[in-house]
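Attaching a predicted model along with its sequence, questions to come.
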Amino acid sequence: MALLYLALAHIGMAQSPQSDVTWKLYYTSGGVEVYTRDIECVFYSNQYKYTAIRVNNTTNLSKAIAWENRAYFDNKCVGCGSNEAQVNIVLAPSQIIEGGCNSDAPSTFQILTYAWNMPDLKAYSHVELFGLSVKNNQ
């Protein structure tokens with residue numbers, strides 16, 4: 001169950017995001033901006049809530065970005081330390097990667113915060129992009 005939140009990101013057909021459509025700046029460093037927003041997706045008539053992630057390289061340099069997705073329920077981290085929660089990407093100059101219900105982005109760009117069939121996920125606390133780092137890609 002710990003990593004199911006990553007696996008559910010791209011199951012089936014999804015409807016468009018429903019809730020908070022405004023991206024909030026989470027982190028900025030070295031010309032890379034990381035944003036999050038809360039979204040609701042419907043897969044096969046079932047509701048799921050996610051925190052979507054958007055990464056924007058505003059420079060003319062390639063950037064290597066890394067972090068670990070962490071979701072907290074009752075202030076306990078679910079899936080922390082797992083390989084599936086690790087995100088390592090290289091962004092081309094001016095590239096943007098954006099998670100969402102119908103996104104082509106990797107599933108790690110959506111962090112599950114609610115699933116209709118997982119009652120233990122109802123005590124959602126917060127998400128964290130742990131150890132977020134940005135480096136020039138060599």
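Arrived safely, thanks for sending.

lowest average confidence, helix or strand, in the chain?
Here the helix or strand of the chain ranked lowest by mean pLDDT, DSSP states H and E is helix 4-7, holding a mean of 40.

List the neighbours of the helix or strand just after that helix that are in contact with it.
Beyond helix 4-7 in the direction of the C-terminus, DSSP states H and E gives the next helix or strand as strand 24-29. Taking contacts as C-beta atoms under 8 Å, 6 or more residues apart in numbering, the residues outside strand 24-29 that touch it are Glu33, Val34, Tyr35, Thr36, Arg37, Ile53, Leu129, Leu132, Ser133, Val134. Using the backbone N, CA and C atoms, a C-beta is placed for each residue, glycine as well.

Can you name every helix or strand that the helix or strand just after strand 24-29 contacts?
On the C-terminal side of strand 24-29, the closest following helix or strand by DSSP H and E is strand 32-43. Here strand 32-43 is seen to pack against strand 24-29, strand 46-57, strand 63-73, strand 124-136 when contacts are counted using 3 or more C-beta pairs under 8 Å, 6 or more residues apart in numbering; DSSP states H and E.

Same list, those, but as a markdown table with distance to Trp116 and mean neighbour count please.
Putting the helices and strands packed on strand 32-43 into a markdown table (distance: least, C-beta to C-beta, whole Å; neighbours: other C-beta atoms under 10 Å) gives the following:
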| stretch | distance to Trp116 | mean neighbour count |
| --- | --- | --- |
| strand 24-29 | 25 | 14 |
| strand 46-57 | 5 | 22 |
| strand 63-73 | 15 | 20 |
| strand 124-136 | 13 | 15 |
